[in-house]
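Asker: just need the structure, nothing else, for what follows:
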Amino acid sequence: MKLKHILPLFTVLLALFCGCEATNPEPPFEIDSRPVTEETTAADATAPPESGTEAETHTHLFTETVTPPTCESEGYTRFSCDCGYAYDTNHTPPTGHTLTEAVVAPTCESEGYTRLSCPCGYTYDTEHTPSTGHTLTETVVAPTCEAEGYTRLSCPCGYTYDTEHTPPVGHTLTETVVAPTCESEGYTRLSCDCGYTYDTDHTPPTGHTLTETVVAPTCETEGYTRHTCACGYTYDTNHIPPIGHDFTVTVTPPTCTEYGYTHFQCVACAHGYDTDRTAPLNHINATAKRIYPTVDHDGYTLHTCPDCGYSYEDSFIKYADIITGAYADNTEILMQGVDTSKWNHDYGASLEDVKPLDWEALKAAGMEFVILKAGSTLGMDPAFELDYRDAKAAGLQVGAYFYTYSTTVEDTVKDAEMLLGWLEGKQFELPIYFDAEDPTLMELGTKRLTELCRVFATTLQEAGWYAALYTNTEWLYNLLDTEWVKANLDIWYARYTAALPEGQERFDPADRDFTWKDGTAYKPGETDKRYGLWQYTDNGGVEGFRYPFDFNFAFKDYRSIMVKWRLNGYGESNPLPSPSQV
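Answerer: Numbers count the residues shown, from 1 in each chain. Model prediction:
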């Protein structure tokens, strides 16, 4: 047995022999903590510590440290005291190397091998194989103007060398001549495709070649002479001051919508300015045209400016503002009068040669108005112009009526236009009536007859005349569209009373106990509503006159209507009511 394996046991026995007290096995003297080798003797390991005079008695407190074995060194357990005393025990042999293989392939210039390695760092190589040698590829590099050409042999490992060297080819030069300019020199440039270049044959600048341009002065800018070279170089001399503006004057008068002004314009340049502005005229010359209300449309005043064509409308009037229908607002008789034609006159050699009526006598008999027959589809009544003149002169209020034979809308319009020619220049206080009772019209039917009444009325109304309808019970209630007629037209209603009592020459308006010729009593409901004009007899006698008259009562103040609404010739001298008055 080797000394290093005996030493620990000897140390323990020695401690027991000497009587050292310790909690762990402890020799009575300090042991060398170095590992025991073959050269270390037992005497060295057990030698007691030295002191100055004598061995000191000491109690060790040990700590244990385990050192495991490695590939090449043994393992052990070390017991150490704070005093520096230590010893090793439980020695275990080295574990030996644990090797792994790594194969390194040969390269072009180095051998291959298998490397055995231990994690401790120990390594060695085996199974050596020779290098493979270079695998070369050729690349030909052509010569350039200044560099030689060659063939390059290259291996993937990076090894390379050049061979087959060829000299540079030298520059191939082309000439470019740059001409001198006014301020820069000229030269010949020699250039190679490789980028090499140099200049030769330098020539000096030519200097400026100047041309003169004279710029005349304007109203606001100076004049001068400009010296210019083709290269762009320029300078000015001979400066002349501006000459100032020379103005022409144009007066533009104001228009309806544009201001007027005086314009000053320079004849030599675009400079100009305006003065003396005057306000627009706002259509001060506009003319007013009356568009009269009709059954078909409202009325208004159309203002048109002759200077610019602008127009606008105002003073709107509805037809219903003028006429509220066939009935009067009251049952009071406001006036009584007659209607006349050539048949009420004496005449000479023919019916066209009518003699005047005594209108003063008619007025004295209580007649306040007259409805004159203007004529018919066949022409003007021979007494119309004569009766109009004399009735007006006597102070009677005058109306007129027209008797039609027309059966179509077109012919009825012609009737109305013919009548308008007869009415021109005259003034009527009562309506202009349309009489459509001829038996030849009875077969036309309600729609056609009513349409003829509408067309005649609207033609007169558009010309500023108060158009109305003369009719009787049979036509109003059986042949015409009763409701439309009553709602839209003023009516002169013909329905006669019984014959006058014996000895009574005329009907007394105060007598309200009427009976009709057909024997029926005057219905109370009809006394509450009266048409505007009522023709109550066709056999009215007036003393001093040979022929009887048709007698009529008026229940509307027609003259006030004509004056208020500027109708029947009362128009232009009387202003229209304002919308607020309407």
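Asker: K363 looks like it's in a strand, true?
Answerer: No. The assignment for K363 (DSSP: H, G, I helix; E, B strand; the rest coil) gives helix, which keeps it out of a strand.
Asker: what sits against it?
Answerer: Applying CB atoms under 8 Å, 6 or more residues apart in numbering to K363 gives the contacts A394, G395, L396. (Glycine included, C-beta is placed from N, CA and C.)
Asker: what stretches of this protein score poorly on pLDDT?
Answerer: 1-56, 497-528, 572-582 (pLDDT under 70).
Asker: ok so, going back, of the contacts of K363, which is the most crowded?
Answerer: L396 (22 neighbours; other CB atoms under 10 Å).
Asker: in helices, which of the contacts of K363 appear?
Answerer: Judged by DSSP state H, these include A394 as members of helices.
Asker: which among the contacts of K363 gets closest to V295?
Answerer: Nearest to V295 out of those is L396 (CB to CB; 28.7 Å).
Asker: excluding chain neighbours, give the residue nearest to the spatially most central residue of the chain in space.
Answerer: Centroid-nearest residue in the chain: T257, 28.5 Å away (criterion: CA atoms, centre = their mean). Nearest non-adjacent residue to T257, counting by CB to CB, 6 or more residues apart in numbering: P280, 5.3 Å away.
Asker: which parts of the stretch 401-550 of the chain are strands?
Answerer: 432-435, 467-472, 490-494, 533-540, 549-554 (DSSP state E, counting those that start in this stretch).
Asker: go on, the stretch 201-350 of the chain?
Answerer: Using DSSP E, counting those that start in this stretch, strands in the stretch 201-350 of the chain cover 210-215, 223-229, 234-240, 247-252, 260-266, 272-278, 287-291, 299-304, 311-317, 335-340.
Asker: ok, and what's touching the shortest one?
Answerer: I take that to be strand 287-291. 299-306, 313, 462, 464, 566, 571, 576.
Asker: which single one of those residues is nearest to V455?
Answerer: E462 (11.0 Å).
Asker: give me the neighbour count for H283.
Answerer: Neighbour number of H283 under other CB under 10 Å is 19.
Asker: likewise F264?
Answerer: F264, neighbours per other CB under 10 Å, totals 14.
Asker: what about the closest residue to it other than its chain neighbours, how many residues nearby?
Answerer: Closest residue in space to F264, ignoring its immediate chain neighbours: F247 at 4.5 Å, by CB to CB, 6+ apart. Residues near F247, counting by other CB under 10 Å, number 15.
Asker: what does L281 give?
Answerer: Residues near L281, counting by other CB under 10 Å, number 18.
Asker: quick one, what contacts it?
Answerer: Residues near L281 by CB under 8 Å, 6+ apart: P254, T255, C256, D307.
Asker: what's the PyMOL line that selects buried ones from the residues you listed?
Answerer: In PyMOL syntax, the buried subset of the contacts of L281 is picked out as below (16 or more other CB atoms under 10 Å):
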select buried, resi 254+256
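Asker: ok, the contacts of L281 vs D435, which is closest?
Answerer: D307 (46.2 Å).
Asker: need the strands of the stretch 401-550 of the chain in TSV (columns: distance to P180 and mean neighbour count).
Answerer: As requested, the strands of the stretch 401-550 of the chain are exported to TSV (distance: least, CB to CB, whole Å; neighbours: other CB atoms under 10 Å):
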stretch	distance to P180	mean neighbour count
strand 432-435	108	25
strand 467-472	105	24
strand 490-494	111	24
strand 533-540	118	19
strand 549-554	119	22
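Asker: break the chain down into its domains, please.
Answerer: Annotated domains of the chain cover 3-51+59-92, 100-129, 137-166, 173-203, 210-240, 247-278, 287-317, 323-565 [automatic domain parsing].
Asker: so which of those is the most packed in?
Answerer: domain 323-565 (a mean of 17; mean count of other CB atoms under 10 Å).
Asker: now the helix or strand containing R78 - C-alpha only, PDB.
Answerer: Using DSSP states H and E, the element containing R78 is strand 75-81. What follows is strand 75-81, C-alpha atoms only, in PDB (Å, rounded to 0.1, in the frame of the first residue of the first chain):
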ATOM      1  CA  GLY A  75     -11.200  13.200  -7.200                       C
ATOM      2  CA  TYR A  76     -11.100  13.700  -3.300                       C
ATOM      3  CA  THR A  77     -12.800  15.300  -0.300                       C
ATOM      4  CA  ARG A  78     -11.000  18.100   1.500                       C
ATOM      5  CA  PHE A  79     -11.600  18.900   5.200                       C
ATOM      6  CA  SER A  80     -10.400  22.500   6.000                       C
ATOM      7  CA  CYS A  81     -10.200  24.500   9.200                       C
END
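Asker: list the strands paired with whichever helix or strand comes after that strand, with their directions.
Answerer: Where DSSP H and E defines the elements, the next helix or strand beyond strand 75-81 is strand 86-92. Strand 86-92 pairs in its sheet with strand 75-81 (antiparallel), by DSSP bridges.
Asker: can you tell me the closest non-neighbouring residue to F79?
Answerer: F62 is the one closest to F79 (CB to CB, 6+ apart), at 4.2 Å.
Asker: just grab the bridge partners of that neighbour for me.
Answerer: Counting by DSSP bridges, F62 is bridged to C81.
Asker: what separates it from L430, distance-wise?
Answerer: To L430, F62 is 158 Å away according to CB to CB, to the nearest Å.
Asker: could you do Y273 as well?
Answerer: When distance is defined by CB to CB, Y273 is 66 Å away from L430.
Asker: output stretch 84-98 as PDB, nothing but the C-alphas.
Answerer: The C-alpha trace of stretch 84-98 is given here as PDB (Å, rounded to 0.1, in the frame of the first residue of the first chain):
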ATOM      1  CA  GLY A  84      -5.300  26.800   7.900                       C
ATOM      2  CA  TYR A  85      -5.200  23.100   8.700                       C
ATOM      3  CA  ALA A  86      -6.600  20.900   6.000                       C
ATOM      4  CA  TYR A  87      -6.400  17.300   4.800                       C
ATOM      5  CA  ASP A  88      -7.800  15.200   1.800                       C
ATOM      6  CA  THR A  89      -9.700  11.800   1.900                       C
ATOM      7  CA  ASN A  90     -12.000   9.700  -0.300                       C
ATOM      8  CA  HIS A  91      -9.700   9.700  -3.300                       C
ATOM      9  CA  THR A  92     -11.300   8.500  -6.600                       C
ATOM     10  CA  PRO A  93      -9.300   7.700  -9.800                       C
ATOM     11  CA  PRO A  94      -9.400   9.900 -13.000                       C
ATOM     12  CA  THR A  95     -12.500   9.100 -15.300                       C
ATOM     13  CA  GLY A  96     -10.500   9.000 -18.600                       C
ATOM     14  CA  HIS A  97     -11.300  10.900 -21.800                       C
ATOM     15  CA  THR A  98     -14.700  10.800 -23.500                       C
END
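Asker: if we can go back for a sec, need the strands of the stretch 401-550 of the chain in CSV with distance to F384, can you?
Answerer: As requested, the strands of the stretch 401-550 of the chain are exported to CSV (distance: least, CB to CB, whole Å):
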stretch, distance to F384
strand 432-435, 12
strand 467-472, 16
strand 490-494, 17
strand 533-540, 19
strand 549-554, 16
